[in-house]
Structure formats: structure tokens, C-alpha cells
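[1] attaching a predicted model along with its sequence, questions to come.
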Protein chains: 2
Amino acid sequence: MATIHDVAKLAKVSIATVSRVMSGADPVNPKTQQRVLAAMEKLNYRPNGLARNLRNLRTNVIIALMPNIQNPFFSEVIRGIEDGAREAGFHLLIGNTDGDRGKAKEYMALLDESLADGLILTTAQTDQAFLDEFAAHRPIVLACEYMEGSTIPTVSIDNISAARKVVKHLLALGHRRIAHIMGPNEVILSRARLAGYRQALQQHGLEVDEMLVQEGDFSLDSGYRVTRKLLSFKRPPTAIFAANDEMAIGAIRAIREHGLQIPDDISVAGFDDLTVSSFVSPSLTTIQQPRYEIGYRSVEMLIRLIRSEPLAQTQVVLDDSLVIRESSGVPKEHM
Amino acid sequence: MATIHDVAKLAKVSIATVSRVMSGADPVNPKTQQRVLAAMEKLNYRPNGLARNLRNLRTNVIIALMPNIQNPFFSEVIRGIEDGAREAGFHLLIGNTDGDRGKAKEYMALLDESLADGLILTTAQTDQAFLDEFAAHRPIVLACEYMEGSTIPTVSIDNISAARKVVKHLLALGHRRIAHIMGPNEVILSRARLAGYRQALQQHGLEVDEMLVQEGDFSLDSGYRVTRKLLSFKRPPTAIFAANDEMAIGAIRAIREHGLQIPDDISVAGFDDLTVSSFVSPSLTTIQQPRYEIGYRSVEMLIRLIRSEPLAQTQVVLDDSLVIRESSGVPKEHM
DNA sequence: TTGTATGCGTTATCAT
DNA sequence: ATGATAACGCATACAA
């Protein structure tokens, strides 16, 4: 690979002049500029990004950590992050943690090794105390979930109110035995959605039947398994609210295999509005959240942090909306 | 951030000794080692990766390019790549190209800027001539599709024979009017699967009705739209083979909306065996390919290329298998 | 307008 | 066993 020295020698100038031609910062005589350009062309010169980064002490790399690259919810968030990063001249390094805190910390360490300029977490990935401390001195943004009492810049919807909205919809249809398939209890998101579920029932004067709250892991398969369990109860629920669409699709499968009709025998609602959710049969009632925008706004904030620019607000809450489709309906006893 | 000089000063040694303590290559007196370690601890020293990389002229970064991060097929391939990369101490930079060759070339340029050590393409992303030339002097592996007459190291299944297998299955059930929803014509994969479709029909002595070959773009929605078109024909097909599962799921939706039963009125088959494909209703007949392994083997090859180690073989073809589920059955006139 | 010289923080060579 | 020093390739302050 040709270096700046090779170009300088061929163009009969100093390396400083070559550097100036590249940056365009200082004025350069048009004729020498031509010579330099010609030399760069001839040598097929590409500046070494490593040297440039060391000199500038910046990498132009942003890391986005996701618990699971397979999850289509996050991939749309990532698209928003990527677009925002590209527009600002940053590269995106995507890290998959599989919910493993060790992996997450490994990626976070890249910040301290100067191999990345900033970090976006989609879901917290680790304990709040550690994260607060870590983020205090480093450019970090938390996307998708909100940590109560934390000072970390955050972009998310209000998961509690969104979950409440789903359950109120089911209550309004006449359901009284509504089950909730929650996500992993250690995930903040999961607890927030569970809280919304409880609030809706309580505001309706109903007690929460703890048997009807079951934990999944956000996978299709866990939704399937948990639903089979729910259906085996003496008094099965008339509606199931799953904490994400994938578990809801798993639930649909289990219900159909059980020989029941949706929504006639049992209603199902999810959360996220994946693309596939309007294509499954029956199509899924769910919460639509602005996934792309969550990503885009997150990276905007992060870049301001990296540049030490002030933040207008540190906690951004975006709007969600309830999408009612075929999977939710009036319970049988009311028909 | 503390540097190696700060550590050296505090420990009252030279920077060379600090470096030795870190690498463990040369012997160091245990007592001085303790002093150095203590100093590193006290200063919370983290070596600067940028400087290290510049010195070594390596980044330990591998780039994986995918046409669409949303596509669950690729995300499993990426998992394989990521695991392989991690095991070998590499970081993975994931690039989304949206099928845009400009974006792809931008990422490829990172190789020439020394910001990455190697590149994996999942689908070719660009024209063969450019790619062959580009790959001739750089560590590059092509995953998922095979380019006829190319010398680029490749890991994939045999898409032609796999597609043939699907169509032969439909023929064996008694279908004669079999439609094909192909992927974008500029994608090698799409043309390979189309070729397999043609071969199967021809080997069965059937002519290909060109009206029954329609182009989609691998999205759910395109499968839906194209299927509506197919169903509007005077003589609609009795079976549809979609070039991927997402289009097949779109097709299922269109067929149900049309009031037809699957597989009684019309059979559907896909390609890829996404997780969701066994959960949709009816569950999908499809081709299962070793996505994770494709990724894993690709990165293995790439790392050998980066290290200038010899390759046992440059074109790896892995096994696929036909998974028969509920969406394909005997056509009505045969029942 | 251009050149010289220094430093970014490592690793590695060569002495001692 | 340890230290001094030279790269790695670039950007920039300062001189000319």
C-alpha cells in the first residue's frame, strides 16, 4: 500500500502538502494540487484510516448492542441507528450479546480501548448501578427502554402505558380472564409491560390472578409452550396478552393446535407490530412502536454526546399506537 | 485516559517493560511486574487499541455485508459469522447495503483504508467482474451464493438442486401448474432457484409457462401482491413455489383472503426454513439450509485468508434438506 | 503557498 | 531483566 510519503515523493512536495490536498483546509496552489492528485491517482493511494484515527483520537465508529440479532424488532431499530450514523459519517459496529452480560461488557470495553466513539444499548443489558456509573463518563444512549431513576440519555416509548392500552382494549371487549406472557423478568421492558398489565386490571377493579402471569423469553417457541400450559388450566384465560409479537405468534399456533378458534374462543394480542404480524392468520392485534425513529433519535443523541454538544432533553418518549386486527374479539359468553 | 507512559512513570520503569508485562512475551522480574500491575490498576490503564492497531497494521475487524438486516435468513448466517469471529478474536462490523451497490462499495473501501482486515459478502452485492478483480488482492469470502466461473472463495448450498427438489416434490404430489415467485432477477440466488425450477419441470417433460414465473423482491408484501396476480389468472396455478419463506407467507395470506384452502385448493412452498415458518398456519413446506454453518465456515475461510494460510478448498457446498409440512398436498383433481 | 518537525500510543529491535 | 529508541502513517503548529 502506498503511503503519504510515496505520494509526496512522486509529486515532489512535502507530506504536509499532500495532507492539505486531502483535507482541503489550507489553501494549495492549483498546479501543485494537480501534481499531488495525479500522484495519488497513479499510486492508487488510500489514506490509512488507522493512522488518521490515532492522530485524531477518534474512530468514527459507533457500537450498537442488541440482545439478539435475530429479533426483527431490533433490526428495524438498528436500521434507524445505521441511517443516522451514516449521515453523520460514522460506521456502525453491531454487537450481539445473547443476553450475556459478559459479552456486553466486552463490547463496552471497546470504548475504553478507543476502538469506538460511542455506544447505543437496545435494552439495558446489564445492572443499573454499573450502567449508570459506566455511562457517567462515556457517550452512551439507552434505546427502547426507560430506567426509572437513571440519568442515562434514553429514547423509548412508554411501555407501561402501552401495555395498559392493550389490556384495556381486551377489557373493553368484555374479557375478564386475561393472561399475560411476559418477557424475561430481568429485562426492564418485561417488567414495564407487566406493570401496565397489572395497572389496567386494577383500574378496572379486577384482581390479578398470578397463575395467569407466565414468563417466556420473547421467542416464538416460549410463547407456544407457555400457551399450552395456560390452556391446560381448569379455567383457561379468554384472552392472552403476550409481551411481544413473536410470543403471540407462538400462542396462536398453540391455540389452533388445541382446536380452538381465534378470536371466537380466545383472543390474542402482541406487542411490537412486526411486519409478519399483519400477515399471520389471524392477523395480530398489537402495539405499533416507532422502531426506526427510536434508533434514529438515539444515534442523534449519541453523536451530540460524542461531540460534547448539549442535549435538549435526555429522556425522549415517543408515541406508540394500538393496532386492532383479527386476533382480538368479543369473548364467547358475550356473543 | 492514562497512557503507557503514565504507567511507566508511576511504576518507575520504561514503557518497554510495561509493554512486556502486557504481552507476557519477554521475561519480567516478578517484583517489577507487581509494580507495573499495581500502577496499571491504580491508573485504570487501558491500552489504546488505535495505537496498537497502527503499530501492527491490523484491526481485528471483519466486515459482513448483508443486503438487508431485516431478513431473518441473513441474521442466522450473521450469528455463525459472529461466533466464528469472536472465537478467533475478531470484531464484526455489520454493513447493511439495501441492495445498493454504492453502499456496498463504501464498506469495501474500508479494507483499503486499513479499517478492516477482511470482508464477507452474503450475496454478491455487485457485478462479478468488479468483485473478482477486487477479491483478487484482498481477503474476501462470498457466502450463500455461488458465482459460476468465479475464483472467489465461497460457502453455500447448491441452490439449483435445492429448488429442483422442491418442485419435484410438488410434481410428485400431482401438481402440473406450478408457479414460481422468484427473487429479484439481478440476484444470483434468484436466478439459481429459477434455474432449478425450470430444470425440474423440463426433466418431467413439462413446458414452463412463463406467465407462472413472476418476480418479487423477497419481501412478505411482494409475495402477497404477486400471488394476488397469479390467482386472478383464468387458469391459476395449483401450487406456488416462492424463492423464500417470507414471500411464501405473503402468498399464504393472499390465498386465504381469496377464500381458498391450503393445501386443498392450492399448495405453497418456500425456501430457507425461517423459525416462523413452522409456526404459521398452515406450516410451511420449505428448504432448510445450514445458515449458521454457512456463516461459521465463511469466517473460518476468511481468517485463513487474512493470515495468508492455504485454503483446503475454495468452494464449499453444504447440504440442504426439504422439509415437508402442511402447506403442500395433493391437488384437488387427484383427491 | 509550502516545508519541517513533532506527536498520537503502541510494539519491537537493539543495546546494555 | 531492563531501557532507549525507532517505527506505524497521518495531521498540524510553527517557520519560512
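    That came through, no problem.
[2] what are the boundaries of the strands in the stretch 1-150 of chain A?
    Using DSSP state E, counting those that start in this stretch, the strands of the stretch 1-150 of chain A run over residues A:61-66, A:91-96, A:118-122, A:140-143.
[3] and those strands as JSON lines, adding mean pLDDT and mean neighbour count?
    From N, CA and C alone the C-beta is placed, and that goes for glycine too. Output for the strands of the stretch 1-150 of chain A, formatted as JSON lines (pLDDT from 0 to 100; neighbours: other CB atoms under 10 Å in any protein chain shown):
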{"stretch": "strand A:61-66", "mean pLDDT": "95", "mean neighbour count": "25"}
{"stretch": "strand A:91-96", "mean pLDDT": "89", "mean neighbour count": "24"}
{"stretch": "strand A:118-122", "mean pLDDT": "97", "mean neighbour count": "27"}
{"stretch": "strand A:140-143", "mean pLDDT": "97", "mean neighbour count": "27"}
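[4] distance to DNA strand C added to these, as JSON lines?
    Shown next, in JSON lines, are these (distance: least, CB to the nearest atom of the strand, whole Å):
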{"stretch": "strand A:61-66", "distance to DNA strand C": "16"}
{"stretch": "strand A:91-96", "distance to DNA strand C": "20"}
{"stretch": "strand A:118-122", "distance to DNA strand C": "18"}
{"stretch": "strand A:140-143", "distance to DNA strand C": "21"}
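[5] now that we have the ones you listed, can you turn them into JSON lines and tack on distance to B:Asp221?
    Shown next, in JSON lines, are the strands of the stretch 1-150 of chain A (distance: least, CB to CB, whole Å):
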{"stretch": "strand A:61-66", "distance to B:Asp221": "25"}
{"stretch": "strand A:91-96", "distance to B:Asp221": "25"}
{"stretch": "strand A:118-122", "distance to B:Asp221": "25"}
{"stretch": "strand A:140-143", "distance to B:Asp221": "26"}
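[6] so which of the ones you listed is nearest chain B?
    strand A:91-96 (4.2 Å; CB to the nearest CB).
[7] show me what from chain A comes close to DNA strand C.
    A:12-17, A:20, A:26-29, A:31-33, A:51, A:54-55, A:57 (CB under 7 Å from any atom of the strand).
[8] so what's the residue lying closest to A:Gln288 once chain neighbours are set aside up against?
    Distance criterion CB to CB, 6 or more residues apart in numbering or on different chains; nearest residue to A:Gln288, sequence neighbours excluded, is A:Asp273 at 3.9 Å. Listed by CB atoms under 8 Å, 6 or more residues apart in numbering or on different chains, the contact set of A:Asp273 reads A:245, A:284, A:286-289, A:323.
[9] from the residues you listed, which land in helices?
    Counted as lying in helices by DSSP state H, out of the contacts of A:Asp273, are A:Asp245.
[10] picking up where we left off before, buried subset of the residues of chain A next to DNA strand C, written for PyMOL?
    Typed into PyMOL, the line below selects the buried ones among the residues of chain A next to DNA strand C, using 16 or more other CB atoms under 10 Å in any protein chain shown:
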select buried, chain A and resi 13+17+20+28+32+33+51+54
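[11] right, is stretch A:23-36 up against DNA strand D?
    Yes. Stretch A:23-36 lies within reach of DNA strand D by CB under 7 Å from any atom of the strand, at A:23, A:25.
[12] tell me the mean pLDDT over that stretch?
    Summarised as a single mean, pLDDT over stretch A:23-36 is 94.
[13] how near is A:Ser156 to A:Leu305?
    17 Å (CB to CB, to the nearest Å).
[14] those two - which one has more neighbours?
    Higher neighbour count among A:Ser156 and A:Leu305: A:Ser156, with 25 against 21, using other CB atoms under 10 Å in any protein chain shown.
[15] who does the strand or helix carrying the more buried one pair up with?
    Assigned by DSSP states H and E, A:Ser156 belongs to strand A:154-157. When pairing is defined by DSSP bridges, strand A:154-157 lines up against strand A:140-143 (parallel), strand A:315-318 (parallel).
[16] now, which of the contacts of A:Asp273 sits nearest B:Ala129?
    Of all the contacts of A:Asp273, A:Asp245 has the smallest distance to B:Ala129: 43.0 Å, by CB to CB.
[17] A:Val317 against A:Asp158, yeah?
    Yes. In this structure, A:Val317 is within contact of A:Asp158 by CB atoms under 8 Å, at 5.5 Å.
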